[in-house]
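Chemist: quick one, structure for this:
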Amino acid sequence: MQIEGRSALITGGSRGLGAALGRALAREGARVVLVARGGEELARVVGEIRAEGGDAHGFAADVGAKEDIHRIAGAASALAGPIDLLVHNASTLGPTPLRLLLDTECEDLGQVLDVNLLGPFRLTRALAGGMVLRGRGLVLQVTSDASVNGYPAWGAYGVSKAALDQLGRIWAAELEGTGVRVLTVDPGEMRTAMHAAAMPDADPATLADPAVVARRLVAIIRAAEAIPTGTRLEASNWTPPRWQPMAVGAAFPRGRG
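Modeler: Take a look at the predicted model:
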């Protein structure tokens, strides 16, 4: 997928992988819109991207709130033009310390599903129609290995990510032939505030730098047209097709993203 001159909307864009991906895409010439709940953090990231000469905008909203979805879609298109790349990066673990399913309240599971599953569904639904009309677009979902492995105490998060994986496969099947592609990527374990909240005893030295992971995601985005739509990828072991220039990439540790 061509990145230069295209418009990208990234949820969870105020920190971690979302912020790093916003910086990386802006350096490639994309018009970037970052969405997050924290307005101050968002403004800081947008300011840093603009200071580097990038085209970036921030919009404070909650992906997990149904009433915010059309505001996000409308604002993003107004700020950067029709969205060509939609990145579902925003996630929540639910209450921390993480707890067993027997100790998980129904309301807590519902809140995790609102952010990690229903938010991506609603936002894709709001934007994919325009992509279909233009005959192009990429929806990139950020998942976790907790979607395919049953880790104790990761129940709410794992269930939401497993459902997100399947949501991506169904979107891909339904949008086949329209020019709109859907990919799901497990970024691996990273040095982020979210990972620290989930696993406070983890050694930061064993975790990937979000900036390095973001560069690998940029390479995946660039190669998207050569990847079958609906594919679930692991950033740690993905390699570009031979015709693609090699992107930055040391191997990343595998684990809960």
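
Chemist: got the contact list for residue 176?
Modeler: Contacts for residue 176 (CB atoms under 8 Å, 6 or more residues apart in numbering) come out as residue 229. Where you see a C-beta, it was placed from the backbone N, CA and C, and this is true even at glycine.

Chemist: can I take it that it is in a helix?
Modeler: No - counting by DSSP: H, G, I helix; E, B strand; the rest coil, residue 176 is not found in a helix; it is coil.

Chemist: please renumber so the chain begins at 45
Modeler: With the count now opening at 45, the last piece we talked about shows up as residue 220.

Chemist: with residue 273 as the reference, measure out to it.
Modeler: Going from residue 220 to residue 273 by CB to CB, to the nearest Å gives 7 Å.

Chemist: likewise for residue 193?
Modeler: Distance from residue 193 to residue 273, by CB to CB: 25 Å.

Chemist: so for the two, which residue has more residues nearby?
Modeler: With neighbours defined as other CB atoms under 10 Å, residue 193 and residue 273 compare such that residue 273 has more, 21 against 12.

Chemist: burial measure for residue 80, as a count.
Modeler: The local packing of residue 80 (other CB under 10 Å) involves 24 other residues.

Chemist: wait, it touches residue 54, no?
Modeler: No - under the criterion of CB atoms under 8 Å, residue 80 is not in contact with residue 54, lying 9.1 Å apart.

Chemist: common neighbours of these two, please.
Modeler: Common neighbours of residue 80 and residue 54, using CB under 8 Å, 6+ apart, are residue 62.
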